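S.K.: Structure of the sequence below:
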Amino acid sequence: MQRPLVLVVDDNKITTKLMRRYLEANGFDSDEAGDGMECLERVAQRRPDAIILDVMMPRLDGFETVKMLKADAATAQIPVAIVTALNDSATQVKAVEAGADDFLTKPIEERLLITKAHVLTSLGIERRRIARLREIISALLSGDTSSVQDYLKDEGFTA
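M.R.: Below you'll find the model as predicted:
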């Protein structure tokens, strides 16, 4: 079984390396980006199952990045957790209003990061599966049985 992929986005290389080490030691694959612009580029190359996204970054901050991700139908379903050192309700509200699915505060505690990564990647995988099921239902309604057969084969069903 393929390990879930988490994209870690932070301009602080030490933080990024630490989070990646935690994730990879606990059954995840990870990739990294140094700011919001690089995050969007990475997501275009390979869709992660979840994104852990810092707020304060150069070029494109975390709030604007999550807004852009959620505004694009191709990336809107990727779960995003906003990470910040600001542990106040106004920042949390702003994160949720921007479209974040969760919120983490720095310093990141390993067990909490891993627990949230499990929840977020499971959510991302299920969102993709639901989208695929919607495609299958549309194919069934339009009479396209080849798509249905491909889906059933992908899911391990055989005739």
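
S.K.: residue boundaries of the strands in the protein?
M.R.: Secondary structure of the chain (DSSP state E): strands located at 5-9, 29-33, 50-54, 80-84, 102-105.

S.K.: Pick the most buried one from these.
M.R.: Per residue and on average, the most neighbours among the strands of the chain fall to strand 50-54, with a mean of 28 (mean count of other Cβ atoms under 10 Å). All C-beta atoms are positioned from the backbone trio N, CA, C, and that covers glycine.

S.K.: Who does it pair with, and is each partner parallel or antiparallel?
M.R.: In the sheet containing strand 50-54, the strands it pairs with under DSSP bridges are strand 5-9 (parallel), strand 80-84 (parallel).

S.K.: quick one, longest helix in this structure?
M.R.: When the chain is scanned for its longest helix (criterion: DSSP state H), the result is helix 110-142.

S.K.: I'd like the average pLDDT over that helix.
M.R.: Taken as a whole, helix 110-142 has an average pLDDT of 89.

S.K.: Make a markdown table out of the strands of the chain and add distance to T91 and mean pLDDT.
M.R.: Rendered in a markdown table, the data for the strands of the chain read as follows (distance: least, Cβ to Cβ, whole Å; pLDDT from 0 to 100):
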| stretch | distance to T91 | mean pLDDT |
| --- | --- | --- |
| strand 5-9 | 17 | 97 |
| strand 29-33 | 21 | 96 |
| strand 50-54 | 12 | 96 |
| strand 80-84 | 6 | 92 |
| strand 102-105 | 8 | 90 |
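
S.K.: OK, contacts around the spatially most central residue of the chain?
M.R.: For the chain, the residue lying nearest the average C-alpha position, counting by Cα atoms, centre = their mean, turns out to be A50 (2.0 Å). Counting by Cβ atoms under 8 Å, 6 or more residues apart in numbering, A50 makes contact with 4-7, 78-81, 117, 120-121, 123-124.

S.K.: Give the bridge partners for it, please.
M.R.: Beta-bridge partners for A50, by DSSP bridges, are V6.

S.K.: Identify, from the contacts of A50, the entry nearest to D102.
M.R.: Checking the contacts of A50 against D102 with Cβ to Cβ, the nearest one is A81 at 4.0 Å.
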